[in-house]
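In: I would like the atomic coordinates for the input below:
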Amino acid sequence: MNSAMSVGWPTAQTTARPGRFQPPQPAEVPTVQLLDPDGSLIDDPDFAPTLSGEQVAEMLSDMTLIRRFDTEATAMQRKGQLSLWAPLLGQEAIQVGVHAALGQYDHVFPSHREHGLAMLMGLPVERILGIFTGQETGDWDAEEVHFHHLNMVIGGHTLHGVGYAMGQARDRQFDSAADDGVSLIVHGDGAISEGDVNEAYIFAAAYQAPAVFLCVNNQWAISEPVERQSVVPLYQRAWGFGIPSVRVDGNDVLAVHAATQWALARARNGEGPTFIEAFTYRMGAHTTSDDPTKYRSKDETAEWQIKDPLTRTEAWLRSEGVWDDARQAHLDQEAEAFGEQVRSAVNNVTTPKLEEIFDRVYAQPTPDLIAQRAQVVQAAAL
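Out: Numbers count the residues shown, from 1 in each chain. A predicted model of the protein is given here:
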């Protein structure tokens, strides 16, 4: 007997009910937005701002300095001081909103565009720039700066982040005094097509790891539009792994902060992983080796310019009487001074010693590692 017929599968002789093998259309969930592009507050049934005007003013300052960092680093690359740079123009609200929600013990596993978040978490500017000069090993002490290495291998770090989250959960399982740290794992829309990322979702869901996936959907994986990678919105992809998911306006710093707070609280309470899709737009190039005018229209970019996260936040602060021309002038001066600091920092980038790459492979070096290190030192002395 035909094996397909024996299990009732359709063949040339049998016709399935129309639509039987078609997946149901996933439900659309409204994007979380608390500030519209003109800076007006929006009521959301599930999320609300939890920050004071002064706290949001600090976030505007952070976004402004991150943008200045980005501008200076792009100029450095053009002058040959950096080998490459990955601009984040237009995505500042995501990194600032996330940072404001993080707890003392949370760890961040970044992709390659989170240099603003790195700066806010205490990584020295020269070490960030060193990555883009090829002179930085990235082996800073993650117990001092809870920000792990900027990842250039697309998606590979997501499994590292989930593994770390599983370790955090295990620490709490066996030690009631263990901290309540969560692993926040950042990746882009392009990474969602990588096998490592999907495996990370599987492990996080299966082990109910205290992890938060933050997918920065800037709609372009270099020159590949997101609709060619997924036929459904990205947050619906995570639902398929059993991970509660939400989409937020990535240009709304209040919405990003509120959603991240919610996701981190779920993880701390033992409720497992969460997926946040931060819907935004990459206003600049993918990297300084890219020319976005070759694959997207000026009209598309212009449409997103009116959604700028900085002008939106400033408009709300002014409407609340928290911000005025004097504060803006002071921030402009601060940005100028910071720009000078960044330009000087590139001169402080140092080339690490080759043997230093062995220092933090394990908590305690193994005999083999000690022997390999000795060989490197001996070879370098020749």
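In: contacts, neighbours, all on C-alpha from now
Out: Fine.
In: Tell me which helix or strand the nearest residue in space to L120 that is not next to it in sequence sits in.
Out: Excluding its sequence neighbours, the residue lying closest to L120 (CA to CA, 6 or more residues apart in numbering) is H99, at 7.2 Å. Using DSSP states H and E, the secondary-structure element containing H99 is helix 92-101.
In: try S344
Out: With DSSP H and E as the criterion, the answer for S344 is helix 325-345.
In: Report the buried residues of whichever helix or strand comes after that helix.
Out: On the C-terminal side of helix 325-345, the nearest following helix or strand under DSSP H and E is helix 367-381. By neighbour count with 16 or more other CA atoms under 10 Å, helix 367-381 contains the buried residues R373.
In: same question, stretch 102-121
Out: By neighbour count with 16+ other CA under 10 Å, stretch 102-121 contains the buried residues 102, 106-121.
In: likewise stretch 340-353?
Out: By neighbour count with 16+ other CA under 10 Å, stretch 340-353 contains the buried residues 342-343, 345-346, 349.
In: Then stretch 297-309?
Out: Within stretch 297-309, the residues scored as buried using 16+ other CA under 10 Å are 301, 304, 307-309.
In: so M59 touches Q95, yeah?
Out: No - M59 is not in contact with Q95 according to CA atoms under 8 Å; the separation is 10.0 Å.
In: Give me the more crowded residue out of those two.
Out: When neighbours are counted by other CA atoms under 10 Å, M59 and Q95 differ, and Q95 comes out ahead with 27 against 23.
In: May I have the residues that are in contact with the more buried one?
Out: Neighbour list for Q95: 114, 116-117 [criterion: CA atoms under 8 Å, 6 or more residues apart in numbering].
In: In helices, which of those residues appear?
Out: Restricting the contacts of Q95 to those inside helices, with DSSP state H as the criterion, leaves 116-117.
In: Let me have the contacts of Q95 in TSV, extended by pLDDT and distance to A205.
Out: Putting the contacts of Q95 into TSV (pLDDT from 0 to 100; distance: CA to CA, whole Å) gives the following:
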residue	pLDDT	distance to A205
E114	97	25
G116	97	29
L117	98	26
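In: helix, strand or coil for E277?
Out: Using DSSP: H, G, I helix; E, B strand; the rest coil, the three-state assignment for E277 comes out as strand.
In: quick one, what contacts it?
Out: 214-217, 234-235, 245-248.
In: same thing but 6 Å
Out: Remark: with contacts taken as CA atoms under 6 Å, 6 or more residues apart in numbering, E277 is in contact with 215, 235, 247.
In: Can you check what pLDDT the model gives A101?
Out: According to the model's per-residue confidence, A101 sits at a pLDDT of 98.
In: That one contacts Q261, doesn't it?
Out: Yes - A101 is in contact with Q261 according to CA atoms under 6 Å; the separation is 5.3 Å.
In: roughly how far apart are E227 and G155?
Out: When CA to CA, to the nearest Å is applied, the distance between E227 and G155 equals 19 Å.
In: between the two, who's got more neighbours?
Out: When E227 is set against G155 and neighbours are counted by other CA under 10 Å, the residue ahead is G155, at 25 against 13.
In: The more buried one contacts A191, correct?
Out: Yes - counting by CA under 6 Å, G155 does reach A191; the two are 5.2 Å apart.
In: count of residues packed around W85?
Out: When neighbours are counted by other CA under 10 Å, W85 registers 24.
In: what about it, which helix or strand?
Out: With secondary structure defined by DSSP H and E, W85 is part of neither a helix nor a strand.
In: Quick check: phi and psi on it?
Out: Dihedral pair for W85: phi -150, psi 140, per degrees, to the nearest 10.
In: And the pLDDT for it?
Out: As summarised for this prediction, W85 has a pLDDT of 96.
In: ok, it - contacts?
Out: If a contact means CA under 6 Å, 6+ apart, then W85 has 287-288 as its contacts.
In: any idea how far T301 is from it?
Out: Distance, W85 to T301, by CA to CA: 20 Å.
In: Also G190?
Out: The spacing between G190 and T301, counted by CA to CA, is 19 Å.
In: Which positions in stretch 266-280 come out as buried?
Out: By neighbour count, and taking 16+ other CA under 10 Å as the criterion, the buried residues in stretch 266-280 are 266-268, 271-280.
In: re the thing from before, mind listing residues that contact the helix holding S344?
Out: When contacts are defined by CA under 6 Å, 6+ apart, helix 325-345 is touched by residues 65, 126.
In: Now L41. Nearest residue, chain neighbours left out?
Out: For L41, the nearest residue in space outside its immediate sequence neighbours is L35; the separation is 4.7 Å by CA to CA, 6+ apart.
In: now the helices for the chain?
Out: In chain order, the chain shows helices spanning 3-6, 53-78, 92-101, 115-120, 125-131, 156-174, 195-206, 234-239, 253-268, 298-305, 309-319, 325-345, 367-381, with DSSP H as the criterion.
In: With respect to P292, which of the ones you listed lies nearest?
Out: The minimum distance between P292 and these falls on helix 298-305, with 9.6 Å, by CA to CA.
In: just how off-centre is stretch 104-113 within its chain?
Out: Relative to its parent chain, stretch 104-113 has a centroid offset of 8 Å by CA atoms, centre = their mean, to the nearest Å.
In: Now do the end-to-end distance for it.
Out: For stretch 104-113, the separation between the terminal residues is 22 Å (CA to CA).
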